[in-house]
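[1] got a predicted model here, sequence first, then my questions.
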Amino acid sequence: MRTGTHSRRTMLKATAGAAALGLAGARPAARRAAAQETTLTVWDNWTRDVDSAMIDKLNAAFTEQTGIKLNRTSKSFDDLKATAKLALSSDDGPDVVQINQGLSDMGAMVKAGILSDLTPLSKQFGWDKVLPPSMAARNSFSADGKVFGEGNLWGMPITAEFVGVYYSKQKMADLGLKPATTFDEFEQSLAAAKAKGEIPIQWGDLDGWPAIHTYGTIQHLYVDKAYLDDFIYGRNNVSFVIPENVKAGEKSQEWVKADYFTPDFAGIGYDDSWTAFKGGQGLYMITGSWISAELKNAADPGFGFMLMPPLAADKPNLHVAGTGMAYAIRKSSAQQDAAAQYINFLVSKPSADELATTGIIPLAVDPALAPEGSLYGDIVAAWQSIMKNDTAGHYLDWATPTFYDTIVAGLTDLFGLNITPEQFVQQMQDDYGKFLATQQGA
Amino acid sequence: MATASDEFGRAIPGAFVDGTTAAELRRRRLADWLGNGVVYAILVVSLLIAVGPFVAIALAGFKTDVELAQNPFGLPAQWSLDSFGNAWHQAHFSQYFKSSVIVALPVVLGSTVLSVLTGYAFGRMRFPGSRALFFLFLLGIMIPGEAVIIPLYHNLQRVGLLDTYWAIILPQIAFSISFGTFWMRGFFSQVPGDLVDAATVDGANSWQTLWGVLLPLARPAILSMAVLFFIWSWNDFLLPLVVVSREELRTLPLGLAFFQGRYASNLPLMAAGATLVALPTIVIYVLLQRHFIRGIASGAVK
Amino acid sequence: MASRAAEAGGRGSTVSRRPGERARTAYLYLLPGFLIYVVFVLLPVAQTVGYSFTEWDGFSAAKWTGLKNYRDLLDDKLFLGAVGHNLVLIVFYTVFPIALALLLTSLLTRRSIKGMNLFRAGLFVPQVMSMVVVGVVWRWIYNPVSGPLNQVLRGAGLDAWARPWLGDPKLALPAVGAIGTWVSFGFALVLFIAGVQRIDEDLYDAAKLDGANGIQQFLAITLPALRNEVTVVLVTLMISALRTFDLIYVTTRGGPANRTMVVAFLLYKNAFTINRAGYAAAIAVVLTIVILIVSYVVITVRMRTSEEA
């Protein structure tokens, strides 16, 4: 009951707040809406019940405020990936779609000329204050869609997503451990847990992609930001065959050989693994901020969250991090103003606060909504430290259109001890080198 | 094929005929009896292997998480319907079920009617180009769905049918009638000519002959075919996967596959969902078992 | 029934009034079915062939590249790997179930089995089930932690045998293949049993008088008589092995490390997730040609069988 009241109050605040912002583009559109009813068709990725209900609430507030009706469909990630391109190239497709960044999605759409350029809107609405340059780059392409990481803004994300280390507070206490401050300490805690018969790191890699986050987290300890940016954005002809990537591969295999991961992790699905973690199996779990909503309501003392600690305490390491999927506007839509208004509404502080109360991390998160000592508080603090230190790394699978499949396959073999770290980096480079060659050829 | 449903096997040929002694007869009986024991044992084990997993998953739907982990095969301590209720309501299986029915009914009906018409033309009429046309239809039996799925997707998008029930129904009919034509032609061409001739002499036109003379005879053949159309439509996965993306249009197998992506960790719920998908096929299978086996055995080329 | 019809004169004996009119009537009967068939099957097949000669991302303009996609296929490790996996699956879908079913058939020959209908109906169940359901069931069976298979193995003290079946790069393909064997076995058996029933009882009696034992009878009488059934089953199962998609989609999605990547799934991925519609079309053409060749055999056999009848 109390949550209900609370939400409703937040809602009122949100409405009032958004109205108070007095959106520049809002007024003419709103007036037009009064004369002739405007309906925006929106496809988004908020599929979980809680998230979906939150967005529905925000949408209702938006309609109340602007008179613009919303026709919303939520689709799974796979669904969106498969259908967004064609829908956006059709004249009667959705006006606003949440799309995946990266070459094979946003890049291909920019190339096909089916997205509206959001750069002017970003300036007009001040989105650049919410979206720091390193995050904006992930949503930017040159106008021909060929160069990733620079040029115009084609999509506006509203949430942050990053990978870190969840820990069971109970087990930390039982083992007499404190959250590690250096990587050495972290590895010692793994050994300590193992010695006590505890699963040091809960992990299930049947789905393949969790390995990108596990390897990435380790790799981000050793590589620097310039290299990683070059690698992801295809600049300066960098290679994947570098000692740091081999080192990360060695460390990964070391952990496998030391039995630091769940036994038979290769056969366990991601959902099974976090369910097991929530059920008390494992000291740590290395995964994304997105799972916090599932873990936050665990029984006391519950879970904490930290970033992977650095090699040396005074030298902050990078973290696998990025933004959620980006809201993009169909270029052929007749309702550009209304679409811009809608995205801006989602970016605005009242909406961000609503996201925060739901347990999601908006790009501009208000720390006041993240109580210290809570799991959400830990996660917000981690995000703020990533922003402050500028230590956001990348999801490696964005490197080339086929890199997702390549790295998932390579990492399965790496963690399965079927190939050496050297073979692994070479496999990755084969894909990457081929991609660079076609880029330069085109 | 029609005799396939009779009980298999015949009595061991009479031992008295070749004049064996009583002792030898007893020994032979014992050997037969032992041999039968082995055969039954093998059959029972095979049956358990074939059906056991489905029974286990159906039972799993009635158990709780904890119980399932401890006792995957046995009967549930308490028959809880919670998982089925959750699958039906919260996990949208009622919606998927509706979609599957909305798709399967017109597919079975449409394919059957059209196949009867084309099969009739090929089976009982002579006309120029019949061989070539029949060959074209025959191709469809062999062409896999993968061969058409890419252009189909784009064509449907162009005419605005993507993400509608029609996007599943029409291609399914098109694929079904190639087999249906083959099947019905086979039947019609084997109906004794004098039956039809009699009707023609009485002044019946081709439509009246089909309706009055042939269809009553064709009922079993049509039923086998329709059952086959049903199972193809009900179990089809690739086509609906590609051509619909709206949740409310998803058919049961599609819903189950996506459902597995989201609730893989909730085994009783998964089990309940899988059982709900399987149930209609099981029911129809039990009712029309002979037609099922005959249809599938014949339509196997698909 | 078939033979009765053949005796009675068969097709085409209908008297026609005037050839032209009959032809027109025939075309009218064909028209609705043919139309829908052309639009949704034949036309798209032609389009697929067309796409296969282009570089096309699925939504912007296509670029003609001739045979490049086909040349690339020969160079694509993932595709060649997938072809290899399909070949392995053919063994699991055809060789194993057919061998098992023949063995069982040999035991069943000339025995009166009570409740045969029940056995046959039960053994056929996997064949009527959606492959998605089959996949879900087996994913559960193979689950390394809570799955019944590992539980049984551990319960029997065979802890070392308990594996992460679908997640183990070496075991995943055989594990998926075993599902195929399981699905196909009943199908093969039911067809063989039907075939055995047509064999003339006297043949066995004659063989017995000649002193042939059970094995010799099986090799000399049963197996040759089942020639057509074996061919039909073989080819049918080969085609389902070649087309394996649903099962992979639900169980492994081609993983771990592409060890279960199959041609149909690669096609789907190229066409609908990584924007290589032209390339995917080339895969579709290759797959279709292989299937056409394989099916040609079964249709010929089928035609021959029905003419013999």
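    Cool, the structure landed. Computed from a predicted model, the values in this text were never measured in an experiment.
[2] phi first, then psi, for the closest residue to A:Thr47 other than its chain neighbours.
    Distances taken as C-beta to C-beta, 6 or more residues apart in numbering or on different chains put A:Ser74 closest to A:Thr47, at 5.1 Å, once the chain neighbours are dropped. Quick note: C-beta positions are derived from backbone N, CA and C, even for glycine. Main-chain torsions, A:Ser74, degrees, to the nearest 10: phi -100, psi 140.
[3] beta partners of A:Ser74?
    Taking DSSP bridges as the rule, A:Ser74 bridges to A:Asp44.
[4] list the residues that contact it.
    A:Trp43, A:Asp44, A:Asn45, A:Trp46, A:Thr47, A:Ser52, A:Ile55, B:Glu247 (C-beta atoms under 8 Å, 6 or more residues apart in numbering or on different chains).
[5] now do B:Leu152
    So B:Leu152 contacts B:Pro171, B:Leu239, B:Val242, B:Val243, C:Phe40, C:Pro44 (C-beta under 8 Å, 6+ apart).
[6] grab the two from the residues you listed that are most spread out in space.
    Of all pairs drawn from the contacts of B:Leu152, the greatest distance, 13.5 Å, lies between B:Val242 and C:Phe40 (C-beta to C-beta).
[7] give me every residue in chain A lying close to chain B.
    Counting by C-beta under 8 Å from any C-beta of the partner chain, the positions of chain A adjacent to chain B are A:47, A:73-76, A:78-79, A:82-83, A:86, A:90, A:92, A:269, A:271-272, A:274-275.
[8] mind running it again at 6 Å?
    A:Asp79, A:Thr83, A:Leu86, A:Gly269, A:Asp271, A:Asp272, A:Thr275 (C-beta under 6 Å from any C-beta of the partner chain).
[9] from these, which land in helices?
    A:Asp79, A:Thr83, A:Leu86, A:Asp271, A:Asp272, A:Thr275 (DSSP state H).
[10] among these, who's most crowded?
    A:Thr83 (24 neighbours; other C-beta atoms under 10 Å in any protein chain shown).
[11] distance of it from chain C?
    With the distance defined as C-beta to the nearest C-beta, to the nearest Å, A:Thr83 ends up 9 Å from chain C.
[12] where does the closest residue to that residue other than its chain neighbours fall, phi/psi-wise?
    Nearest residue to A:Thr83 in three dimensions, chain neighbours excluded: B:Ser245, at 4.7 Å (C-beta to C-beta, 6+ apart). With angles defined as degrees, to the nearest 10, B:Ser245 sits at phi -130, psi -10.
[13] so who does B:Ser245 touch?
    Contacts for B:Ser245 (C-beta atoms under 6 Å, 6 or more residues apart in numbering or on different chains) come out as A:Asp79, A:Thr83, B:Asp163.
[14] which non-adjacent residue is nearest B:Ser46?
    Nearest to B:Ser46 is C:Leu123, by C-beta to C-beta, 6+ apart, at 6.1 Å.
[15] quick check: mean pLDDT of the strand or helix carrying the one you found?
    Using DSSP states H and E, C:Leu123 falls within helix C:116-128. For helix C:116-128, the mean per-residue pLDDT is 84.
[16] what packs against that helix?
    Secondary-structure packing of helix C:116-128 (3 or more C-beta pairs under 6 Å, 6 or more residues apart in numbering or on different chains; DSSP states H and E): helix B:22-60, helix C:172-197.
[17] tell me if the last one is near chain A.
    Spelled out, that is helix C:172-197. No. Shown here: helix C:172-197 not in contact with chain A (C-beta under 6 Å from any C-beta), separated by at least 8.9 Å.
[18] counting neighbours, which bits of the very next helix or strand once past that helix end up buried?
    Next along the chain after helix C:172-197, taking DSSP H and E as the criterion, comes helix C:201-209. By 16 or more other C-beta atoms under 10 Å in any protein chain shown, the buried positions in helix C:201-209 come out as C:Tyr204, C:Ala207.
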